[in-house]
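1. let me see the structure of the following:
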Amino acid sequence: MNVWSTLDAAVRPSRHMPWPGLYPPFEICTPKRALPVVFASPHSGRCYPREFQQSSRLDARSLRLSEDAWVDELFNDAPRFSATLLSARFPRAMVDVNRAPTELDPDMYGDHCPPLSQGKSARALAGLGVIPRIVASGIPIYSNKIPYAEAVQRLHHLHAPYHDALSNFMVSQKQHWGCALLIDCHSMPSSCAEHCPGGTADIVLGDGHGRTCNPALATHVERTLTAFGYRVVRNTPYSGGYSTLMYGKPKLGFEALQIEINRALYMDEKRFEKTNEFARLRNNMGKLCKAICTFIRSA
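-> Have a look, this model is predicted:
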């Protein structure tokens, strides 16, 4: 599970050093008697280093448009039920760990970008690669091109340590239990949720169209959420991002399921504020954590 295997030596890190103002780059909470389950929140980071803000043409609120706001808080009951919780502290606008390290847009950089690191990714060319060029609303982050060395530093100090931690957890739990499960937690704009099959969805489950996890688990999660009163769809418009596809290898004992939550369920998207429904949703996500952990115990 080496996410760096396809990256050229100019980018591939030899060791990880702390990023000033972002140490540690993520928080990981593992209970003493942990099950082989990790809930990950890769896009809820809200620590914006001063130098990054100064390099951007956007104000602090505009930069936050890319966040899966407070998703880490929605799932912070996971350790109560013996699951591990992994949360990025750095912002998605700075580096997106749900992208391959090769998903770089060469047009972003004012100097040489090695050919082997120029992944032909439609997401990167659209501005939403591993080093985003735009925030989720389509607004450019920078006024000018940035040095390629800046991308290397972000991959080295933020992307790599996050995936090292996630990969190490999955491998160690697989060795101990014979299996390991990643629940990759996200939120989606209500404008995207409105275009789901059959109308607006509350939650989208992505399992790579049945490729990344046990179908019985996906069905159990869907039924649990439906019992809470949520409208759940699978794989459209989100079938699973880089992490889900990278770590979801059921034949090898590794499983992954992506969860996308409609932001209208818990926040005012225009004001960027939690609503009174946040507590109810958080309580239900805690119950979901328990249901998943119970399923894994019984399995």
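2. surely residue 228 is in contact with residue 291?
-> No. The pair residue 228 and residue 291 does not pass the contact test of CB atoms under 8 Å, sitting 10.0 Å apart. All C-beta spots, glycine's among them, are computed from the backbone N, C-alpha and C.
3. wait, residue 105 sits on residue 124?
-> Yes. Contact criterion CB under 8 Å: residue 105 and residue 124 qualify, at 4.6 Å.
4. more neighbours: which of the two?
-> residue 124 (25 against 22; other CB atoms under 10 Å).
5. now do the contacts for that one.
-> 99, 103, 104, 105, 130 (CB atoms under 8 Å, 6 or more residues apart in numbering).
6. ok, now residue 222?
-> 205, 232, 234.
7. quote the end-to-end distance of stretch 42-56.
-> End-to-end span of stretch 42-56 (CA to CA, to the nearest Å): 21 Å.
8. with adjacent residues omitted, what lies nearest to residue 144?
-> Computed as CB to CB, 6 or more residues apart in numbering, the closest residue to residue 144 that is not its neighbour in sequence is residue 110, at 7.3 Å.
9. cross-check the contact I'm expecting between the one you found and residue 146.
-> Yes. At 6.8 Å, residue 110 counts as touching residue 146 under the criterion of CB under 8 Å.
10. more neighbours: the two, which one.
-> residue 146 (18 against 11).
11. now the more buried one: phi and psi?
-> phi -110, psi 160 (degrees, to the nearest 10).
12. ok, now residue 40?
-> Residue torsions, per degrees, to the nearest 10, at residue 40 are phi -110, psi 140.
13. can you give me the neighbour number for residue 216?
-> With other CB under 10 Å as criterion, residue 216 counts 10.
14. I meant residue 263, not that one.
-> 22.
15. who's in contact with it?
-> 69, 187, 188, 189, 190, 193, 269.
16. residue 179 contacts residue 252, doesn't it?
-> No. Judged on CB under 8 Å, residue 179 makes no contact with residue 252 at a distance of 9.5 Å.
17. for the chain, what helix or strand is lowest in average pLDDT?
-> helix 122-125 (a mean of 88; mean pLDDT, DSSP states H and E).
18. does residue 149 lie in a helix or a strand, and which?
-> helix 148-154 (DSSP states H and E).
19. for that helix, the distance to its chain's centre please.
-> 20 Å (CA atoms, centre = their mean, to the nearest Å).
20. swap in stretch 277-290?
-> Counting by CA atoms, centre = their mean, stretch 277-290 comes out at 19 Å from the chain centroid.
21. same deal with stretch 166-175?
-> 17 Å.
22. may I see the buried residues of that stretch?
-> 166, 167, 169, 170, 173, 174 (16 or more other CB atoms under 10 Å).
23. dump the least confident helix or strand of the chain to CSV, keeping only the CA atoms.
-> Written as CSV, here are the backbone C-alpha positions of helix 122-125 (Å, rounded to 0.1, in the frame of the first residue of the first chain):
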residue,chain,number,x,y,z
ALA,A,122,-9.0,15.2,-15.4
ARG,A,123,-9.5,16.4,-11.8
ALA,A,124,-6.0,17.9,-11.7
LEU,A,125,-6.5,19.6,-15.1
